[in-house]
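Chemist: below are the sequence and a predicted model; questions follow.
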Amino acid sequence: MAFLGRPSAATNLPVGNDDLPVGRGRSRRDAQYRVFLAPSIASVAMHRNVSVTTHLLHPVSPPLWFRAVFYAAFAAWVALQAATEYFTITSLYTYTHLPLFESEKQVNSAFLNIVAVGLLTVFVVLTFIYGVVAKSKLAVLASAAFLASLIILNVLAVGILMSSKFSLNTGPSKFGQRVLTIYHPNVSAAHWSSELDQWAAAYPARPEPPPADPQAGQQRLLHLLDYFQQQGGCCGVLSYRDYAARGALLATSCRCLPSGHGRLRPQCTGSAHLLADGSRAPLWSRGCQLVTDDFLRDLFYLRDLLISTVVFQVLVLLLGIVLGLNTPIKAELDDADHDSDG
């Protein structure tokens, strides 16, 4: 026979003398024809003993570029979280524990929230590393689930910080809260400059006769600036030279104290200056406007760090889920292979 049969459209199997036993009598053409017509049959026969569960437990490994992206995002997240923790401790805690600010539950909650996230991050990072190195599907997916909770905590910290008033520990209170905050219009260079102008008119640098009670004048004319100078460790609006520029006596609240402001205490001036009460003492070298600007700048830096951390946390979460789903469960895979071999 010149042609041994045609494949059936219904079964895609050759018909004719297919039921003949395979032997040396079969022509080479017949054997080649069978191999050409039924590649799918050969594939099914090859994987006949491999279960669907085994295929699910042994997925295709992610490519190298995917792992590189995951590792880069993972490293960026860890670095940003470490920077956030450092910035929180060195800036937020230090500033908000100045006597300048009234204690706020929101700010304390945000601080404790960020610190707690830092401690939990150590656990999640170690679990992620173990899961990736040991190729443990359970560890990688569990780490991704924990990371989702950290994202929620960081988002809450951003909301708490941006909604906090940062009330000043001075002035009248209303409904249990201070009216004056760091954002108040009177806490500004323009308002403090007007106070300095009034002070300079009442207490010039060369008074005749000398002022009898400069302390009362400070409380009356330098109300807010005097408070900032005492509690914030600063002098003048931009510097202590603001007094000399207006030809005014230096307020006694500009005296540089040896302690009391922790890490925020700036350097004192190298020489002593004449104060309104007739004494001489070194002065705070930094202006009060710089204190408020530094605080607001650090607050916004912390906000931006938290937002950047959340972005990379979400990226690591998504990549981690994909990586975890494509990681085989080694124990079950071995059992499945053992059963198939048996």
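Modeler: Everything's here; your move.

Chemist: can you pull the buried residues of stretch 66-78?
Modeler: Phe70, Ala73, Phe74, Ala76, Trp77, Val78 (16 or more other CB atoms under 10 Å). C-betas here are computed from N, CA, C, even on glycine.

Chemist: pLDDT score for the closest residue to Leu100 other than its chain neighbours?
Modeler: Leaving aside its sequence neighbours, Leu100 sits nearest to Gln231 (CB to CB, 6 or more residues apart in numbering; 4.1 Å). pLDDT, Gln231: 82.

Chemist: any idea which element Gln231 lies in?
Modeler: helix 223-232 (DSSP states H and E).

Chemist: which other helices and strands does that helix contact?
Modeler: helix 189-202, helix 288-325 (3 or more CB pairs under 8 Å, 6 or more residues apart in numbering; DSSP states H and E).

Chemist: chain center to the first one: distance?
Modeler: When you say that, I think you mean helix 189-202. Here the centre of helix 189-202 is set off from its chain's centre by 41 Å, with CA atoms, centre = their mean, to the nearest Å.

Chemist: so for the helix or strand harbouring Val115, mean pLDDT?
Modeler: Val115 belongs to helix 105-134 when assigned by DSSP H and E. Averaging pLDDT along helix 105-134 gives 87.

Chemist: again with stretch 246-254
Modeler: Mean predicted confidence for stretch 246-254 is 89.

Chemist: quick one: end-to-end distance for it.
Modeler: End-to-end span of stretch 246-254 (CA to CA, to the nearest Å): 16 Å.

Chemist: do stretch 160-180 as well
Modeler: End to end - CA to CA - stretch 160-180 spans 19 Å.

Chemist: tally of neighbours for Asn326?
Modeler: Using other CB atoms under 10 Å, Asn326 is surrounded by 15 other residues.

Chemist: next up, phi/psi of Thr327, please.
Modeler: phi -100, psi 130 (degrees, to the nearest 10).

Chemist: before we move on, the earlier item: looking at the helices and strands packed on helix 223-232, which is buried most?
Modeler: Each of the helices and strands packed on helix 223-232 was scored by mean neighbour count; the highest is helix 288-325, a mean of 18, by mean count of other CB atoms under 10 Å.

Chemist: by how many degrees do that one and helix 105-134 diverge?
Modeler: Put simply, helix 288-325 runs at 30 degrees to helix 105-134, going by axes from the mean of the first three to the mean of the last three CA atoms, to 10 degrees.

Chemist: how many neighbours does the residue nearest to Leu100 have?
Modeler: Neighbour number of Gln231 under other CB under 10 Å is 20.

Chemist: try the one 10 residues further on
Modeler: By other CB under 10 Å, 13 other residues sit near Arg241.

Chemist: pLDDT below threshold where in the stretch 51-200 of the chain?
Modeler: Within the stretch 51-200 of the chain, the segments meeting pLDDT under 70 span 51-60, 171-172, 177.

Chemist: circling back: run the chain-centre distance for whatever helix or strand comes next after the helix holding Gln231.
Modeler: Following helix 223-232 in sequence order, the next helix or strand is helix 241-245 (DSSP H and E). Here helix 241-245 shows a centroid-to-chain-centroid distance of 41 Å under the convention CA atoms, centre = their mean.

Chemist: these two touch, right, Phe111 and Tyr95?
Modeler: No. Counting by CB atoms under 8 Å, Phe111 sits too far from Tyr95 to count as a contact (10.7 Å).

Chemist: settle it for me: which of the two has more neighbours?
Modeler: Tyr95 (23 against 19).
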